[in-house]
Each structure stands twice: as C-alpha cells, then as structure tokens.
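**Q** sequence and predicted model, in that order:
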Amino acid sequence: MLFDTHTHLNADQFEDDVEAVIARAQQAGVSNMIVVGFDTKTMKRAISLVERYDFLYAVVGWHPVDAIDMTEDDLRRIEQLAAHRKVVAIGETGLDYHWDKSPKDVQKEVFRKQIQLAKKVNLPIVIHNRNATEDVIEILKQERADEVGGVMHCFSSSFDDAKACIDLNFFISFGGPVTFKNAKALQQVARDVPLEHMLIETDCPYLAPHPLRGKRNEPAYVKYIAEQIAVLKDREYTEIANKTSDNAKRLFRIT
C-alpha cells in the first residue's frame with residue numbers, strides 16, 4: 001500500500017496517457033495519489049481528474065514562482081474549491097528564491113494569504129520551499145500554521161530544519177532526490193527523521209528516482225523511494241509503504 005502524496009498528473013506531460021499512467025501506478029501498489037494544482041489551469045485539471053477516480057485527491061493553491069500573477073479573484077477561487085469533497089489541502093504554496101519572476105515580498109504576501117486561508121477552511125498546507133528555508137519557517141511560525149499543519153514537499157534541507165518543521169506540526173516528504181547516488185546529506189536526514197513524521201512522493205513528472213533519473217517521472221515510481229527509505233532506515237519495505245500511507249491518510253483526513 002503506497003501513497004504518492006504529490007503528483008502533477010494534471011501536467012501537460014501526461015495529457016496523452018494519464019489513464020495508462022494511473023493504471024501503472026495501481027499495478028505497482030499505489031493505492032492513493034494527490035494531484036496538486038498551483039494555478040488556474042492546473043487546479044481545474046486537478047478537480048476534473050479527482051472527480052473521475054475515487055482514489056485520487058486534490059490540493060489547490062498558488063505556486064510561489066507565479067505569486068506575482070495571483071489576484072484576489074484567484075484567492076477567492078481557491079477558497080471556493082477548498083469546499084470540494086475531494087480537496088484535502090491548500091498548496092502548493094511557499095517561497096522559491098531560485099527563480100526571480102516574483103519578488104520576495106510578493107511571494108511572502110501570497111504565502112501568508114494562503115496560510116490564513118488554510119486556517120479559515122481548516123485544511124493542511126502543502127509547502128514548496130526552494131532556497132528559502134529560514135524565511136519559510138519564520139512565516140509558518142508567525143502565521144501559526146501549526147494550527148492546521150501540513151507537509152514540507154520534496155524536502156531538501158537539514159535535519160535541524162526538518163525538526164523545526166516537525167515541531168510546527170508538519171510532515172517531511174521525500175521524493176526522487178533521496179535515491180540519487182550523490183545525495184548523502186539528504187539520505188542522512190531521511191535516516192534521522194522519525195518514520196511517524198515521514199511521507200513519500202514523486203512530484204511527477206519531475207525528479208524521477210534512480211534508476212530512472214532523467215526520464216519522465218510517474219506515480220508508479222514512488223516504490224523506488226519507499227525502497228530507498230527502507231534501506232536507509234534498515235526497515236522492511238512493507239513497513240515503510242504502510243506507515244507512510246497511514247501518515248498521509250491521517251494528515252489529509254482520508255478514511
């Protein structure tokens with residue numbers, strides 16, 4: 001029983017074969033998947049997908065790279081979609097200092113607004129963080145995001161940062177990079193993060209795990225991440241698969 005907690009099955013890369021991709025995931029033992037929408041187009045596609053498959057769930061929000069494009073109407077639309085029975089979180093939101101499309105102050109404002117919305121609608125938050133860990137954690141603290149909690153998507157920071165996020169009621173999610181041969185520091189973080197605070201994801205179609213690095217990623221490949229976590233923690237694969245799945249269901253309130 002695997003749970004891929006972060007997919008972009010609504011991306012253009014899956015437009016021609018999404019049904020086959022989903023079927024392969026099921027064959028690989030993936031019982032649930034989260035489809036993340038992060039702008040108008042991808043939120044619409046996410047809702048359309050999750051309405052067709054019982055085992056798919058949606059996250060709706062606005063990506064920090066495009067924060068400068070978000071309007072008040074967009075924020076209201078996110079709030080409206082949050083009432084949908086298959087929407088389980090707000091996101092992905094956060095900060096991204098790698099790309100410079102959206103100024104930092106705009107990103108921070110949009111991030112705060114989505115945290116406040118998540119608290120208003122009582123849903124957890126899916127966090128995107130790239131080169132902005134200190135500011136992400138500070139804003140989570142200031143906005144009392146611990147009241148709803150959430151997940152640090154595709155975590156890539158230190159164990160101290162992971163512990164700070166866990167203390168704020170957030171799960172730590174590992175994706176394809178934890179399988180990369182040169183990711184020794186991240187692998188050590190995965191060893192140290194307690195299993196009860198851990199999730200797994202693909203972030204497909206991006207960041208395919210070893211041995212498929214460089215190819216289009218898909219939910220079936222989340223098994224490689226579970227296998228790597230099992231090796232790193234010296235645990236059975238089935239324990240990792242089942243526990244991370246249970247964690248996801250608890251976070252996203254899926255029965």
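**A** Nice, I can see it.
**Q** in the chain, which spans are helices?
**A** Counting by DSSP state H, the chain has helices at residues 18-27, 40-50, 72-81, 104-121, 133-142, 159-167, 184-192, 222-233, 237-252.
**Q** now those as TSV including distance to Asp203 and mean pLDDT?
**A** Quick note: C-beta positions are derived from backbone N, CA and C, even for glycine. As requested, these are arranged in TSV below (distance: least, CB to CB, whole Å; pLDDT from 0 to 100):
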stretch	distance to Asp203	mean pLDDT
helix 18-27	14	98
helix 40-50	13	98
helix 72-81	21	98
helix 104-121	19	98
helix 133-142	17	98
helix 159-167	18	98
helix 184-192	14	98
helix 222-233	10	98
helix 237-252	15	98
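**Q** tell me which of these is the most buried.
**A** Neighbour counts (mean count of other CB atoms under 10 Å) averaged over each of the helices of the chain peak at helix 222-233, with a mean of 21.
**Q** for that helix, name the packing helices and strands.
**A** strand 2-7, helix 184-192, strand 198-200, helix 237-252 (3 or more CB pairs under 8 Å, 6 or more residues apart in numbering; DSSP states H and E).
**Q** can you list these in CSV and add distance to Cys154?
**A** Converted to CSV, the helices and strands packed on helix 222-233 look like this (distance: least, CB to CB, whole Å):
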stretch, distance to Cys154
strand 2-7, 7
helix 184-192, 10
strand 198-200, 10
helix 237-252, 14
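**Q** now do stretch 42-59: everything it contacts.
**A** Residues outside stretch 42-59 that contact it (CB atoms under 8 Å, 6 or more residues apart in numbering): 8-11, 18, 22, 26, 31-37, 60-61, 77-78, 81, 84, 86-92, 126, 252, 254.
**Q** span of it from start to end?
**A** Start-to-end span of stretch 42-59 (CA to CA, to the nearest Å) is 10 Å.
**Q** chain center to that stretch: distance?
**A** Centroid separation for stretch 42-59 versus its chain: 15 Å, with CA atoms, centre = their mean, to the nearest Å.
**Q** what does stretch 80-94 give?
**A** With CA atoms, centre = their mean, you get 12 Å for stretch 80-94.
**Q** in that stretch, what's buried?
**A** Within stretch 80-94, the residues that qualify as buried are 81-82, 86-94, counting by 16 or more other CB atoms under 10 Å.
**Q** among those, which pair sits farthest apart?
**A** Spanning the widest gap among the buried residues of stretch 80-94 are Lys86 and Gly94, at 22.5 Å by CB to CB.
**Q** could you list which of the buried residues of stretch 80-94 belong to strands?
**A** 87-94 (DSSP state E).
**Q** next, format those residues as TSV and append distance to Ala185 and pLDDT.
**A** As requested, these are arranged in TSV below (distance: CB to CB, whole Å; pLDDT from 0 to 100):
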residue	distance to Ala185	pLDDT
Val87	34	98
Val88	31	98
Ala89	28	98
Ile90	30	98
Gly91	25	97
Glu92	23	97
Thr93	26	98
Gly94	21	98
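**Q** quick revisit: between the helices of the chain, which one is nearest to Val65?
**A** Of all the helices of the chain, helix 104-121 comes closest under CB to CB, at 8.3 Å.
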